[in-house]
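**Student:** got a structure for you, letters missing:
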DNA sequence: TAATAACGTTAATCTAGTTTAATATTTTAT
DNA sequence: ATAAAATATTAAACTAGATTAACGTTATTA
C-alpha cells in the first residue's frame, strides 16, 4: 500500500536530497500512510502532537480558538505540503493548534518516535528537513511583513494570486479568517474588486 | 582572538549538540569574528546576504523600507541570538531586509561559502541548525497568531514581559514599528497603562 | 551653557476594518 | 422537489488605530 502512495513523497524529497533505493525503502518502511475523512482532526489543541504529516491529497486547515471562542486560521495545507503543530511536535508539549481536514485527506505521517531513528539511518534527512523548515521560516517572516505593510484588500489579492487553487476549494469565511479580517469585510472587498473591473 | 570570543558560541551550540574538542576547533577556524559600530549595516536590502551571524554583544534591528519609504522593524537581535536575512542567505538572492547595529556589536559570522564545508566536516551542525531554525519558525508562527488575536496594547504588554532587556535599550519609536503601530499610538498606550496602575 | 537634534507626548480629526442584524444564495440531505 | 443548513451579501453604526500638527523633554555637541 505505502509503496505506490510513497512515490509522491520520494519525488518531493528528491527536490532537496537524493536518496538511494535502499534509503528510500527504509524511509517508506518507517512512515505511516493514513486516510482521514472530511471534518476529522489530525491534531487537537491541548494534545501533544505526535506526527509531522506530508499531504498526498486533500486539504487541511490549521487553526486555534482564542479566549473569546473565535477561530483563527493560521494556514491551509494541500497536496505536497506539510501539516502539523511543529511547536508541539518538537517540544512534545500540548498543541496550540488544531489541524482539521476540509476534504478527505491522505497523509504520510512521520511519528516523533521514529524520526530520530530515521535521522540516524539516513543522515541526509537531517539536511532535507533543515531545508524544508528554512523555507517555511522565510515564508512565515514574509507573511508577517505583509500583515504589517499591506491593507486587507492587498493581502487578499496576494492570497488569490499566490494560492489560486486554495481559493477555489475553501469557503470564503475561512479565507477571511486566514487573512485576519471578518467575512463581512472580505465580502465588501470582493464586491469592490468586481466593481473596479 | 576568535578563541576567547568563540567560547560563547560553543556554549550556545552545546545546548543543542555536543562537539568534540577537534570539531570545536574546526568550527572556530572556519568562522569569522567581527566588530561593527553603532549605525553600521550588516546586511543591506538589495544585496545578497553572505552571512548568518551569531551576536556576541550589542544589538541589531532587522527592517525593510516599504514603497512609501516607511521603515518596518521585523526583529531585534541581542547577545546569543542570530541575525541575517535568511531568505536571501539560503537562496543567495537580493535581501528584502536591512540589518543595522543599534549599538556597537560583536558577531561571529558563518559565510555562505564555508557553511557547506562545515556541514560536511561536522554533520552534527546540520542537526544544530535544523533545531535552531525550527525554534525560529515556531516563534514566527506564534508572532503571527499574536498579531491577529491581540490588540496593540496587549502586544505591547507581551513584548515588555517577553523582552524586558530589549525594551530598556531601544527607542520607543522602534518598538512601535516592531509592534506594527505608530509611535503616537504607543505613547498613548503607555500613558493608559500608567494611568491604570 | 546654549543650541540643536533626537525622541516623546497630547489632542483633534480621520479611516480601515468591526459589529450587528437582516436578507439572499448555495449546498446538502430527505 | 423541498426543507434545512451552511455560506454569502449588504448596510448602518461603531471603534481601534492612523494622521497631522503643535508642543515638551532629553541627549549631544560646540
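**Tutor:** Received it, and whenever you're ready, just let me know what you need. No experiment lies behind these values; they were computed from the predicted model shown.
**Student:** What residues does chain A have near chain B?
**Tutor:** By Cβ under 8 Å from any Cβ of the partner chain, the residues of chain A that approach chain B are A:64, A:66, A:70, A:72, A:74, A:86-87, A:90, A:96, A:119, A:123, A:126-127, A:129-131, A:133-138, A:140-145, A:147-149, A:180. C-beta here means a position set from N, CA and C on the backbone, and glycine is covered the same way.
**Student:** just the buried members of the residues you listed?
**Tutor:** Buried members of the residues of chain A next to chain B, counted by 16 or more other Cβ atoms under 10 Å in any protein chain shown: A:64, A:72, A:74, A:86-87, A:90, A:96, A:119, A:123, A:126-127, A:129-131, A:133-138, A:140-141, A:143-144, A:147-149.
**Student:** Among those, which ones are in helices?
**Tutor:** Residues from these lying in helices, with DSSP state H as the criterion: A:86-87, A:90, A:119, A:126-127, A:129-131, A:133-138, A:140-141, A:143-144, A:147-149.
**Student:** Please parse chain A into its domains.
**Tutor:** The record's domain parsing of chain A by automatic domain parsing lists A:2-137, A:150-197.
**Student:** still on that earlier bit, also near DNA strand C: which of the buried ones among the residues of chain A next to chain B, exactly?
**Tutor:** Contacts with DNA strand C are made by none of those, judged by Cβ under 7 Å from any atom of the strand.
**Student:** Tell me where the model's unsure across chain A.
**Tutor:** Low-confidence regions of chain A, defined by pLDDT under 70, span residues A:1, A:197.
**Student:** Let me see the ranges of the helices in it.
**Tutor:** A:2-14, A:21-30, A:86-91, A:112-121, A:124-149, A:152-162, A:164-169, A:172-179, A:183-196.
**Student:** So what touches the first one?
**Tutor:** It stands for helix A:2-14. For helix A:2-14, the surrounding residues in contact (Cβ atoms under 8 Å, 6 or more residues apart in numbering or on different chains) are A:19, A:24, A:27-28, A:31-33, A:54, A:56, A:79-80, A:106, A:108, A:128.
**Student:** Tabulate those residues (a markdown table), appending distance to residue A:40.
**Tutor:** Listed next are those as a markdown table, based on distance: Cβ to Cβ, whole Å:
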| residue | distance to residue A:40 |
| --- | --- |
| A:19 | 31 |
| A:24 | 29 |
| A:27 | 26 |
| A:28 | 24 |
| A:31 | 19 |
| A:32 | 16 |
| A:33 | 15 |
| A:54 | 17 |
| A:56 | 15 |
| A:79 | 18 |
| A:80 | 21 |
| A:106 | 12 |
| A:108 | 16 |
| A:128 | 28 |
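**Student:** List only those of those residues flagged as buried.
**Tutor:** Burial by neighbour count, 16+ other Cβ under 10 Å: within those this picks out A:19, A:24, A:27, A:28, A:31, A:33, A:54, A:56, A:106, A:108, A:128.
**Student:** what's near enough to touch residue A:101?
**Tutor:** Taking Cβ under 8 Å, 6+ apart, we find residue A:101 in contact with A:36, A:37, A:38, A:39, A:40, A:41, A:42, A:58, A:59, A:60.
**Student:** Please pick the buried ones from those.
**Tutor:** By neighbour count, with 16+ other Cβ under 10 Å, the contacts of residue A:101 hold A:36, A:42, A:58, A:59, A:60 as buried.
**Student:** Report the two of these separated the most.
**Tutor:** Within those, A:42 and A:59 form the most distant pair, 11.7 Å apart (Cβ to Cβ).
**Student:** hey, what's in contact with both of these two?
**Tutor:** Shared contacts of residue A:42 and residue A:59 (Cβ under 8 Å, 6+ apart): A:101, A:105.
**Student:** Those residues of chain A touching DNA strand C, which are they?
**Tutor:** Counting by Cβ under 7 Å from any atom of the strand, chain A sits next to DNA strand C at A:151, A:152, A:153, A:180, A:181, A:182, A:184, A:185, A:188.
**Student:** Selecting buried members of the residues you listed in PyMOL, what would you type?
**Tutor:** To isolate the buried subset of these in PyMOL, counting by 16+ other Cβ under 10 Å, use the following:
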select buried, chain A and resi 152+153+181
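**Student:** Adding distance to residue B:159, write the residues of chain A next to DNA strand C out as a markdown table.
**Tutor:** Output for these, formatted as a markdown table (distance: Cβ to Cβ, whole Å):
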| residue | distance to residue B:159 |
| --- | --- |
| A:151 | 24 |
| A:152 | 24 |
| A:153 | 28 |
| A:180 | 19 |
| A:181 | 23 |
| A:182 | 26 |
| A:184 | 30 |
| A:185 | 27 |
| A:188 | 32 |
